Each structure stands twice: as structure tokens, then as C-alpha cells.
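Undergrad: Sharing a sequence plus its predicted fold:
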Amino acid sequence: MRELGDDYFRSRMRHTSAADAIFTRRVGHTQRGGHPIRFDRFYAAQLGGKAVEMIKDGLNNHIATLQWSEERDFFTSAFSANKLRDRWGVIHPRMVHHSFYDEERFQPSLQGMDFLTRIFTNAIGHEDFEYQRNHTFARSNLIQRYQSVNVDIQKRIEGLK
């Protein structure tokens, strides 16, 4: 951010500062709301390995994916990124498949529960407990107020008004 500077982003009328434009995101565990669990770390390494294999095999414009089926459990795979694009080249968000959610009961379906159970069974390792012990019960938590992501978002929304 320091190398590009705020002026770069202001000149393109995209953001007020480099900090507003550049951020990092941890996907799976951020959506769940916490520290990456053993499942995240293991399959992130598997997906990274799959991506390296794809590069080695010359598979450009392809995506390494984590798939699941009752027969194979979790496995890495790859497919052309063009399969995600509509006829104008736009990639749209994907919805959860209907077989994973029971709309009448407002909860995961039996298949969805099976899927989630496989993720969270043995998902927490020793290192996760150490993280919790060191961070959740840290002395600094007693003297510093908790800064929620929602507070940051609300501040940005108020700034737009």
C-alpha cells in the first residue's frame, strides 16, 4: 500500500485511500467466524498442491476445487474457469445446492448435516486449543475493547452518508 499510495487510488476515483482498496480475506473460516481449523489448513495445503500440479501440466484458466461426494468424501479436482462464466464472461455467486438445505425446516438437510459433520469431526487439533488459550484468555482482552468487523463496516457506511 505504501508503494502505490493513496493518490494512485484517488486518481482513478475508486477509493479514498490504499487501505480502503487493499485488504486480505481468509475465506472459509472467516465465513464461519473464526480461526482456521485443522480442516481448513489441511485442505488449503491440498488445494495449493493441486494448483502447482495444474501449473506444471499447463492448465491455464483452470480452478483447483475441493469437492465432496458420499462415495469419495472430500477430494481435490480441477475444471476450466470458463464453466463458471456466463455468455458475457461474468462469474456469478453460486448458491448452496438445494440438497444441502431444508427450506421448510430452515436448517441443513440430512445430506447437509452429513456434509458438515464430516468437516467438523476431528476438526480441532492441539494447535487450535493452544490458539484459543493464548488469544481468548490473553490479558490484553481485559483492557482492550473488542473491535468487531461489523463496527468497521458500520463506520464506512456512515462515512458514505
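TA: Nice, thanks for sending it over.
Undergrad: how about the helices in this protein?
TA: Along the chain, counting by DSSP state H, helices occupy 5-11, 18-21, 27-32, 38-56, 110-120, 126-136, 140-143, 149-160.
Undergrad: Lowest average confidence across those helices, which one?
TA: For those, mean pLDDT drops lowest on helix 27-32, to a mean of 51.
Undergrad: Quick check: closest non-adjacent residue to residue 114.
TA: Excluding the flanking residues, the one nearest residue 114 by Cβ to Cβ, 6 or more residues apart in numbering is residue 70, at 7.5 Å. Placement of C-beta: from N, CA and C, glycine included.
Undergrad: Thought residue 110 was touching the one you found, still the case?
TA: No. With contacts counted by Cβ atoms under 8 Å, residue 70 stays clear of residue 110, the gap being 11.3 Å.
Undergrad: Give the burial count for the residue nearest to residue 114, as a bare number.
TA: 9 (other Cβ atoms under 10 Å).
Undergrad: how close does it sit to residue 87?
TA: Remark: distance between residue 70 and residue 87 (Cβ to Cβ, to the nearest Å) = 33 Å.
Undergrad: And for residue 64, nearest residue in space, chain neighbours not counted?
TA: Nearest non-adjacent residue to residue 64 (Cβ to Cβ, 6+ apart): residue 50, at 4.1 Å.
Undergrad: for that neighbour, what are its contacts?
TA: 64, 76-78 (Cβ atoms under 8 Å, 6 or more residues apart in numbering).
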